[in-house]
Each structure stands twice: as C-alpha cells, then as structure tokens.
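> Sequence below, structure please.
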Amino acid sequence: MPPFRRLAASNLAAQASEQMALAAAPLIAVLALGAGAAETGWLQAAQTLPFLLLALPAGVLADRVSRPRLMVGAEALRAVALLAVPLLAWRGALDLPALAALGFLGAAGTVAQGVAAPALLPALVPRAELAAANRWLELGRSGAFAAGPALGGALIGWTGGGPAYALAFGLSLLSAALLLGMREPARDAAPRRHALRELQEGVGFVLSHALLRPILLTAVVFNTAWFVLQAGYVVHAVTHLGLSAGGVGVTLGLYGLGMVAGALAAPWLARRFPLGALIAAGPCVAAVAALLMLGTVPLPSAGLAGLAFFLFGAGPVLWTINTTTLRQAVTPGAMLGRVSATVMAVTFGARPLGAAIGALLAARHGTGACLLVSAAGFLAQAGVILLSPARRLRVLPRAA
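Residues are numbered from 1 along each chain as shown. Below is the predicted model of the structure:
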C-alpha cells in the first residue's frame, strides 16, 4: 500500500478509536458512575490536559525522530489506556478518578499522533496535492466523528461500556499496525540544540507570522467555547432534552456527518471561492450553530441540537482543511513538527480551560449558562478571523 494511503487508513482507525472513547467516557460517568455536569466537565478537562502539557515536547520529538515510529508508539500507549477501562470495570474497580487518569493517558497518545501526522504529510505528497491530501485525512476524521459517537452510544445503551472500549482498543491496534515498517523520506539533518531553544523557535515562528497568528487566536477561542459547550451538553441532553444514551450518540454523530458533508463539498467550494473565504466560513458557520444550540434552552428540541452539531461539523472542517494546508505551505519542513505542536498546544490546550469553565458554570448556574457563554465565545472567534489578513487570501502563499 502506498505510504499516503497507509497514513490515511491509520488516521481513520485512530480517529474512530478516539471518538468512540471520547463519547463513551462521559456516558459511562453519567449512567454508570452517577456523575453530574460538574464531574463530566472535570472529566473532559482531564482528557484534554495532555494537549496543553505534552504537545510541545511531542513536537520536538517529531522533528528529531522517525515520525511513523512515533505514531506507532503513540497508538500503543492509547491502546493500553483503552484496554484498562473495561478491565477495571470487570473487577469493580472503575471510578471517576481512574476513568479520568486513563483518559489522560490515552490523550497523551493522541497528542503525539496528532503532531506527527501533519508534519509527515508534506513528505509524502507534492505541494500541489496538499489540500487534496488534507481533505482525505479530514474525510477519515469526519467519518470517525459520524460513526464513533453513535456507535459508542449504541453499544453502551445495549451492552454497557466494555464492548465500546474493546472496539476502540482494536481500532487503535489497527492504526499502529498500518504504520509498521513505513519509511519516511529522508529529512535534512538539523543540528541538535537544547530542546527549549527548539521550542522557542517553533513558537516564535507562529506568533510572528501575520497569517498564522490570527488563525491561532481564532482556534483558541473556538476550542474554549466548544469545550464549554461539551462540558454541559450530555447532562443537558439527558435531563433537558430527554435523550437516551443512544440519542445522545446520534446527536453527536451528526457533528461527524456535517464534517463529511463539508469535506465532500470542499473541492467544489475551492473552485468557486478564494482561500480566505473558505478559511472564514468555518468560524462564521460555528457561530450560527452556537446560536441554534442556545435556542434549545427555551425550546427543548433534539432536532435543533442535531442541526447545530451538523453545522458545527460542516463549517469548521473547511477551516481545518484550509488552515492546515496554509500552515504546511508557509512553514519550513524542518520546523513542521514544532509548528504543528505549537498550534496543538495552544488551541487544544484551551480545551481543558473550556471544560473547567463549563464545569464551574454548570455547577453554579446550570447547563443553560454553558450554552450561553459558549455562544458568546463562538461569536467572538468569528469576529477575530473576519478582521484578519487571512480572510483576504486568494491563493496559497509560499514559505518566506
């Protein structure tokens, strides 16, 4: 199998595994361990904290060692964490702290995989094909977002959490197996320096770049607002919208269907709109989706929530495809790991902040407050990108 196809297949398996586990954890916490909105918020924070703590070190590793081997190790680590959950449940030893700790460990593997994959991609495909390659990776991720939560919710509703985690474990092993033996094209040898100096170089490149800086800020606000919403949504869906575990999984799965729709539409849209318009589309559509979700407070409606999740997927997937391609195009190859890690650390690092804010809001003011604050954040991130020079881009620029 050609290297890019192996990477795409591995990405699909890894994303499906991650999404099943992310959907299963809060459902198990609520339905089996009696967690409330505050506890599920702190669980989300634990599962996202590795993106803040470990992304930058993972970026240094991705620029120093074999990226395929790093990804294999990351998937193996995640598989171990996934397998431990049903084993502890079988022994009657699973509780919220254990579920959070294993979520943290599994997310550590996700971080390393997520940094290495976009850094590896430009070595596998020509520059002119980067956008198409990123679209295929996003299609895989979209399919995982569509199927993972729905399947995870259905399995938990029918048989409990064990089968959902067992399937996620198998998918993680498959992801690692697809990368075994992959040869990465030779990279220019870079002099070894102190790790902190290398980190500073990657962070400085992003913060000083006129296009990457506002994109980074937009993503930070987006991720904070998204996890404020996520912290309270499961409890809101069960208690206010009257959904079962399977119903929650279906609404979350519509997010993935929206991603699939957006990714499939991307080539058609790219032929008709300039790059800057496609970059701005994601944050603007997300703002509309947040307002629809806020509408489920006065008007409890699973259909309205599902439409909001569909739009949350359809618009931002265009953002991901086009901003990832832009980052790969303007970044020197020797820095791709560190630049990808900087973006992940700062944007994904906003997730535990959002989850913690959501947990506090839910505990003190209820889940409606989570939806209100989240909507304000989504409106803010749309404003940031609309005022940035990235919105005025017509074609893909080259590295300086």
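
> Could you look up the SS state of Pro298?
Three-state assignment for Pro298 (DSSP: H, G, I helix; E, B strand; the rest coil): coil.

> mind starting the numbering at 27 from now?
All set: I'll call the first residue 27, so the last point we hit is now Pro324.

> quick one, phi psi at the nearest residue to Gly341 once chain neighbours are set aside?
In space, and not counting its chain neighbours, Gly341 is closest to Val311: 2.5 Å by CB to CB, 6 or more residues apart in numbering. Glycine gets a C-beta too; all of them are placed from N, C-alpha and C. Backbone geometry at Val311, expressed as degrees, to the nearest 10, gives phi -60, psi -40.

> could you measure Val311 against Ala271, distance?
In this view, Val311 and Ala271 are 28 Å apart by CB to CB, to the nearest Å.

> again with Gln407
Distance, Gln407 to Ala271, using CB to CB: 31 Å.

> One more: Ala381?
Distance from Ala381 to Ala271, by CB to CB: 20 Å.

> who's more crowded, those two?
Ala381 (28 against 23; other CB atoms under 10 Å).

> residue closest to the middle of this protein?
Centroid-nearest residue in the chain: Phe374, 7.6 Å away (criterion: CA atoms, centre = their mean).

> Quick check: closest non-adjacent residue to that one.
Nearest to Phe374 is Phe77, by CB to CB, 6+ apart, at 3.2 Å.

> which ones are touching the one you found?
Listed by CB atoms under 8 Å, 6 or more residues apart in numbering, the contact set of Phe77 reads Ala133, Val137, Met370, Ala371, Phe374, Gly375, Arg377, Pro378.

> Do I have it right that the first one meets Leu78?
What that stands for is Ala133. No: assessed by CB atoms under 8 Å, Ala133 is found out of contact with Leu78, at 10.3 Å.

> So for the two, which residue has more residues nearby?
Relative neighbour count places Ala133 above the other of Ala133 and Leu78, with 26 against 20, counting by other CB under 10 Å.

> Using the three-state scheme, assign the residue nearest to the centre of the chain.
Once three-state DSSP is applied, Phe374 turns out helix.

> Same question for the one 3 residues further on.
Reducing the assignment to helix, strand or coil with three-state DSSP, the entry for Arg377 is helix.

> ok, it to Leu120 distance?
As judged by CB to CB, Arg377 and Leu120 stand 23 Å apart.

> With neighbour numbers in mind, choose between the two.
Arg377 (26 against 20).

> For that one, which non-adjacent residue is spatially closest?
Nearest one to Arg377, counting by CB to CB, 6+ apart, is Thr74 at 3.6 Å.

> List the residues that contact the one you found.
Residues near Thr74 by CB under 8 Å, 6+ apart: Ala133, Phe253, Phe374, Arg377, Pro378, Ala381.

> tell me which element it falls in.
Here Thr74 sits within helix 63-90, counting by DSSP states H and E.

> same check, this time on Ala292
helix 271-296.

> Run the chain-centre distance for that helix.
Distance, stretch centre to chain centre, for helix 271-296: 14 Å (CA atoms, centre = their mean, to the nearest Å).

> which of the residues in it are buried?
Using 16 or more other CB atoms under 10 Å as the test for burial, helix 271-296 gives 271-289, 292, 296.

> Then stretch 149-156?
Quick answer for stretch 149-156 (16+ other CB under 10 Å): Leu150, Val151, Leu156.

> out of these, who's nearest Ser414?
Leu156 (21.4 Å; CB to CB).

> My guess is the closest one contacts Leu147. True?
Yes: assessed by CB under 8 Å, Leu156 is found in contact with Leu147 at 7.2 Å.

> shared neighbours of these two, which are they?
Joint contacts of Leu156 and Leu147 (CB under 8 Å, 6+ apart) are Gln354.

> Inside helices: which ones of the buried residues of stretch 149-156?
Of these, the ones assigned to helices by DSSP state H are Leu150, Leu156.
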